[in-house]
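Visitor: I need the structure of the sequence given here:
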Amino acid sequence: MTDQQTLGKHEGGGQSADAAKVFAEGRRSGLATAALAVGVVSFLSLLGVEKAALAVVLGVLALRGAAPGTSARRLGLAAVLLGGLFVATLAVVLVLFRADFAKLLSLLQQLS
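Guide: Next up is the predicted model:
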């Protein structure tokens with residue numbers, strides 16, 4: 001569904017092209033803000049890969065069609081970078097400490 005169709009459903013359909021543009025930009029800004037918040041939160045918990053992936057997805061959705069220089073574009077790009085940085089950091093940590101991680105998993109299996 002396009003932003004114009006969504007606007008038509010929510011606003012009665014008789015809106016101008018400017019209103020549709022403002023609606024679409026507001027939607028992208030909301031997605032970008034949510035993406036950035038999830039990207040930051042992914043660093044607050046151990047193994048927050050699902051939050052980092054969500055930040056990347058929301059950031060990409062915010063970037064699609066966003067005009068250069070808008071807050072939606074900047075926030076979306078920041079969210080994609082934060083999510084990617086978290087995944088890369090986690091991969092490096094797991095590779096560097098794979099023996100310790102395997103020992104931890106073994107101990108956790110013994111507990112259950």
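Visitor: what's in contact with the host helix or strand of A35?
Guide: Using DSSP states H and E, A35 sits within helix 17-41. By Cβ atoms under 8 Å, 6 or more residues apart in numbering, the residues outside helix 17-41 that reach it are 3-4, 6-7, 10-11, 15, 48, 51-52, 54-59, 61-67, 70-76, 78-80, 82-83, 86. Backbone N, C-alpha and C define where each C-beta goes, glycine included.
Visitor: Following the chain past it, name the next helix or strand.
Guide: helix 49-63.
Visitor: what comes up buried for the helix holding A35?
Guide: Across helix 17-41, burial judged by 16 or more other Cβ atoms under 10 Å covers 20, 23-25, 27-29, 31-36, 38-39.
Visitor: quick one: which of the residues you listed is nearest Q109?
Guide: Set against Q109, the nearest of these by Cβ to Cβ is V38 (30.8 Å).
Visitor: where does the closest one sit relative to A52, distance-wise?
Guide: Distance, V38 to A52, using Cβ to Cβ, to the nearest Å: 8 Å.
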